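Undergrad: Return atomic coordinates for the entry below.
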Amino acid sequence: MATPDLADLKQAHRTTWAAGRYAAVAEMIDVVAPDHLIERSGVAAGDRTLDVATGTGNVAVRTAALGADTVGLDLTPELLELARRRADDAGVEVEWVVGDAEELPFPDESFDRVLSAFGTQFAPRHSVTADELVRVCAPGGVIGLANWTPQGAIGELFRILGRYLPAPPPFASAPPLWGDEEHVRGLFAGHDVELELERTTTPFRFDSAEHWVSFMETSYGPLLKARERLGAEGTWDDCRSEIVAMMERRNESPGGGLLVPAEYLLVLARRP
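TA: Predicted coordinates for the structure are as follows:
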């Protein structure tokens, strides 16, 4: 059972991810990672597949289209409503479940493929989440995750925010740690899984760094909520300037505009 502090944090997470326009953010991160994750995880027709922290269904809709028997789970009901509409538009069937990555409401060994793209890494207790992912994965199955790295653009975004926002509770680990190879190996060390880790990128393309920040501060829940809080405290302008400068430094566009290769870690944990 969740402690009061943990329950409060998870309610704050629900509120954060329901804010803004996450569907638009999901389109931005939909270019490479979901297809990469699904292909490397070996999803096939008939597989029992779980998309944990599905958001608006970037992974779940795709696996259902491949003929997998798909369940999409998320902590935030508002995102599942958007995911449900996407599945209807795509003409695929997905079972949508409101639930917690740290307490998956499924029996042991329920799924052949347990997947998440930039989702489970935001659950606060990383070891609890890893235990749950392994628990519901059947023998011979694969856990496949795409996680922002600490060194990438999103990892640096959270470091900048961390200099302005209050520290999280002691039990909550930083989300980008799920993109650190040593941290991931430690999370799965007590489980009988074979790990394969691969760093790669997905492109963020915008007119400019300013354009990217303007989009994210109105669409991406964590940044929108940070702007609200820091704006009231009078520190948002400084924080925002750091984020713009970070994206300008990372810009690899050969001409005009913004092109930032956003790094993520692909995690494959295979159960013998």
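Undergrad: CA atoms for contacts and neighbours, from now on please.
TA: Will do.
Undergrad: Val25 against Tyr220, yeah?
TA: Yes - at 6.4 Å, Val25 counts as touching Tyr220 under the criterion of CA atoms under 8 Å.
Undergrad: residues making contact with stretch 123-130?
TA: Stretch 123-130 is contacted by residues 101-103, 120, 171-175, 178, 187-188 when judged by CA atoms under 8 Å, 6 or more residues apart in numbering.
Undergrad: What residues of stretch 219-231 count as buried?
TA: By 16 or more other CA atoms under 10 Å, the buried positions in stretch 219-231 come out as 219-227, 230.
Undergrad: List the strands paired with the helix or strand hosting Gly144, with their directions.
TA: Gly144 belongs to strand 137-148 when assigned by DSSP states H and E. Counting by DSSP bridges, the strands paired with strand 137-148 are strand 111-117 (parallel), strand 258-270 (antiparallel).
Undergrad: Quick one: mean pLDDT over the very next helix or strand once past the first one.
TA: Proceeding C-terminally, strand 111-117 gives way to helix 126-135 as the next helix or strand, assigned by DSSP H and E. Here the mean pLDDT over helix 126-135 is 98, rounded to a whole number.
Undergrad: Go through the strands paired with strand 137-148 and pick out the most buried.
TA: strand 111-117 (a mean of 28; mean count of other CA atoms under 10 Å).
Undergrad: The strand holding Gly144 vs helix 126-135, what angle?
TA: 140 degrees (axes from the mean of the first three to the mean of the last three CA atoms, to 10 degrees).
Undergrad: Which members of the contacts of stretch 123-130 define the maximum pairwise distance?
TA: Distance extremes for the contacts of stretch 123-130: the farthest pair is Glu103 and Ala174 at 19.0 Å, using CA to CA.
Undergrad: Tell me which of the two has more neighbours.
TA: Ala174 (18 against 14; other CA atoms under 10 Å).
Undergrad: quick one, what contacts that one?
TA: 122, 124.
Undergrad: Next up, the contacts around the residue nearest to the spatial centre of the chain.
TA: What sits nearest the mean C-alpha location of the chain, by CA atoms, centre = their mean, is Phe118, with 1.8 Å. Phe118 is in contact with 145-148, counting by CA under 8 Å, 6+ apart.
Undergrad: now the stretch 1-150 of the chain, which segments are flagged as low pLDDT?
TA: Residues of the stretch 1-150 of the chain meeting the criterion pLDDT under 70: 1-4.
Undergrad: ok, which stretches of it are strands?
TA: Using DSSP state E, counting those that start in this stretch, the strands assigned to the stretch 1-150 of the chain run over residues 48-52, 69-74, 95-98, 111-117, 137-148.
Undergrad: tell me the angle the fourth one makes with strand 69-74.
TA: Read that as strand 111-117. Using the same axes, to 10 degrees: strand 111-117 against strand 69-74 is 40 degrees.
Undergrad: From what I see, Glu194 and Arg270 are in contact.
TA: Yes - counting by CA under 8 Å, Arg270 is a contact partner of Glu194 at 5.0 Å.
Undergrad: one step back: narrow the contacts of stretch 123-130 to those in helices?
TA: Per DSSP state H, helices hold the following members of the contacts of stretch 123-130: 187-188.
Undergrad: buried sites along stretch 155-167?
TA: In stretch 155-167, the ones that count as buried by 16+ other CA under 10 Å are 155-161, 164.
Undergrad: Equivalent analysis for stretch 116-127, please.
TA: Result for stretch 116-127 [16+ other CA under 10 Å]: buried residues 116-127.
Undergrad: would CSV of the strands of the stretch 1-150 of the chain with distance to Trp17 be doable?
TA: Conversion of these to CSV gives the following (distance: least, CA to CA, whole Å):
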stretch, distance to Trp17
strand 48-52, 15
strand 69-74, 10
strand 95-98, 14
strand 111-117, 15
strand 137-148, 17
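Undergrad: Where do the helices of the stretch 151-272 of the chain begin and end?
TA: For the stretch 151-272 of the chain, the helices defined by DSSP state H, counting those that start in this stretch occupy 153-164, 181-188, 209-219, 221-233, 236-250.
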